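K.L.:
The following block contains a protein sequence and its predicted model.
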Amino acid sequence: MSAVTGKEIWLDGSFVAWADARVHILTHTLHYGLGVFEGIRCYRSSDGRSAVFRLGDHLRRLYDSARINLLQIPFVPGVLEEACLESLRRNDLAEGYLRPLIFVGDGVMGLDPADNRVRAAVIAWSWGKYLGEEGLRRGIRAKVSTFCRHHVNAKMTKGKTCGDYVNSILAKREARLDGYDEAIMLDTQGLVSEASGENIFVVRNGVLRTPSLHTVLDGITRATVCEIARDKGIPVEERAITRDDLYVADEVFLTGTAAEVTPIREVDRRPIGNGERGPITALLQSAFFDAVAGRERKYERWLTYL
């Protein structure tokens, strides 16, 4: 995976050179993880223009995450929306990944950030397929992690909170060290929750199933796939999924802004279905890429053009 680099970063209301976007070593979020972020993608549309996918929905979730974590974002949503679009322009990105980040600056230390300044940044860079081009086509190998997902009252799950992702990092690293591509995490009740950074779907007898939102992030791509599936007449159920539901599934796939729609061909050394991308996964994957590229007019409301 190549290093992230670019020309300019939006920081606290203005653009600075990439190398000058620095923070103090006592930045509170760096020590304690209290911050929130989003991952957003911009795609080259079928008519040659560039369009950010579901920008408004992502920014709403960013503000929701901040509210959950008692953070007051010092800018109105319109300012951050324009910062996202301008970041793509200034970094010459016809396609790219956006990372709005809200974090607590330096000042006092300790668990109470007190009146430390809440700061904001938007970073844009070129990012290819998170789980690989081959993973999109053939599917990836996953294992059920030894690490559980957060309990809803241990750390509220509706927000994308910086510190929460230590849990994800540990699960991801464990999976990679064991020779797998991704980790699947169970909740504290032993039910399937999500992957290290993606929502999960199971197909069985033509029905699409995904865990309810009690212990999983309300993924933007998750919601997108659910809507597309229903539009195509595929039954969608939000319900409890057990570990062995994965093993006997006809198809399993992941969704997320970075991962997009990625099939899983194997879980815990058990082939899923025929051990390759299944037909419903392929259909939804194709429909998703049609939507983000503006080829399906029904979903053009999800696109914000540069």
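P.N.:
Cool, the structure landed.
K.L.:
The lowest-mean-pLDDT helix or strand in the chain packs against which elements?
P.N.:
Counting by mean pLDDT, DSSP states H and E, the weakest-scoring helix or strand in the chain turns out to be helix 133-138, with a mean of 88. Contacts defined by 3 or more Cβ pairs under 8 Å, 6 or more residues apart in numbering; DSSP states H and E place helix 133-138 against strand 260-267. For the C-beta atoms, the positions are set from N, CA and C on the backbone; glycine is no exception.
K.L.:
how far out from the middle of the chain is the strand it packs on?
P.N.:
Strand 260-267 sits 15 Å away from the centroid of its parent chain (Cα atoms, centre = their mean, to the nearest Å).
K.L.:
Nearest spatial neighbour of the residue of the chain most remote from its centre, chain-adjacent residues omitted?
P.N.:
Distance from the centre of the chain peaks at V108, with 31.4 Å (Cα atoms, centre = their mean). Leaving out its chain neighbours, the residue that sits closest to V108 by Cβ to Cβ, 6 or more residues apart in numbering is A114, at 4.9 Å.
K.L.:
quick one: that neighbour is in a strand?
P.N.:
No. Read with DSSP: H, G, I helix; E, B strand; the rest coil, A114 is coil and lies in no strand.
K.L.:
so the residue farthest from the centre of the chain touches Y32, yeah?
P.N.:
No. Look at V108 against Y32 with Cβ atoms under 8 Å: they stay out of range, at 11.4 Å.
K.L.:
any idea how far the residue farthest from the centre of the chain lies from L71?
P.N.:
16 Å (Cβ to Cβ, to the nearest Å).
K.L.:
Only C-alpha atoms, please: export stretch 191-202 in PDB.
P.N.:
Listed next in PDB are the C-alpha coordinates belonging to stretch 191-202 (Å, rounded to 0.1, in the frame of the first residue of the first chain):
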ATOM      1  CA  LEU A 191     -23.700 -12.800  17.100                       C
ATOM      2  CA  VAL A 192     -22.100 -11.600  13.900                       C
ATOM      3  CA  SER A 193     -21.600  -7.900  14.000                       C
ATOM      4  CA  GLU A 194     -19.400  -6.500  11.200                       C
ATOM      5  CA  ALA A 195     -15.900  -6.700   9.800                       C
ATOM      6  CA  SER A 196     -13.000  -4.600  11.000                       C
ATOM      7  CA  GLY A 197     -14.200  -1.700   8.900                       C
ATOM      8  CA  GLU A 198     -17.100  -2.900   6.800                       C
ATOM      9  CA  ASN A 199     -20.700  -4.000   7.200                       C
ATOM     10  CA  ILE A 200     -21.500  -7.600   6.300                       C
ATOM     11  CA  PHE A 201     -24.300  -9.300   4.300                       C
ATOM     12  CA  VAL A 202     -25.300 -12.900   3.900                       C
END
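K.L.:
What's the mean pLDDT across it?
P.N.:
Stretch 191-202 shows a mean pLDDT of 97.
K.L.:
Find the nearest non-adjacent residue to R137, please.
P.N.:
Nearest to R137 is R277, by Cβ to Cβ, 6+ apart, at 6.9 Å.
K.L.:
quick one: secondary structure of the one you found?
P.N.:
Using three-state DSSP, the structure places R277 in coil.
K.L.:
is it true that it touches G135?
P.N.:
No. Between R277 and G135 there is no contact under Cβ under 8 Å: 9.8 Å.
K.L.:
Give the residues shared as contacts by the two.
P.N.:
Shared contacts of R277 and G135 (Cβ atoms under 8 Å, 6 or more residues apart in numbering): P263.
K.L.:
which residues of the stretch 101-250 of the chain fall in strands?
P.N.:
118-125, 140-144, 182-186, 192-195, 199-204, 207-210, 236-238 (DSSP state E, counting those that start in this stretch).
K.L.:
contacting residues around the second one?
P.N.:
Pointing back at strand 140-144 there. 131-132, 175, 178-186, 195, 243, 246, 252, 254, 262-268.
K.L.:
let's go with 6 Å and repeat that
P.N.:
Residues from elsewhere that reach strand 140-144 (Cβ atoms under 6 Å, 6 or more residues apart in numbering): 131, 175, 180-182, 184, 243, 264, 266-268.
K.L.:
Then the longest one?
P.N.:
When contacts are taken as Cβ under 6 Å, 6+ apart, the neighbours of strand 118-125 outside the stretch itself are 4, 6, 9-12, 71-72, 74-75, 83-84, 87-88, 91, 93, 96-105.
K.L.:
do that again at 8 Å, thanks
P.N.:
4-6, 9-13, 21, 23, 42, 71-75, 80, 83-84, 87-88, 90-91, 93, 96-105.
K.L.:
Direction included, what does it pair against?
P.N.:
Neighbouring strands of strand 118-125 in its sheet, by DSSP bridges, are strand 8-11 (antiparallel), strand 96-104 (antiparallel).
K.L.:
Make JSON lines from those strands and add distance to A229, mean neighbour count and mean pLDDT to it.
P.N.:
JSON lines is the format used below for the strands paired with strand 118-125 (distance: least, Cβ to Cβ, whole Å; neighbours: other Cβ atoms under 10 Å; pLDDT from 0 to 100):
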{"stretch": "strand 8-11", "distance to A229": "36", "mean neighbour count": "22", "mean pLDDT": "98"}
{"stretch": "strand 96-104", "distance to A229": "25", "mean neighbour count": "22", "mean pLDDT": "98"}
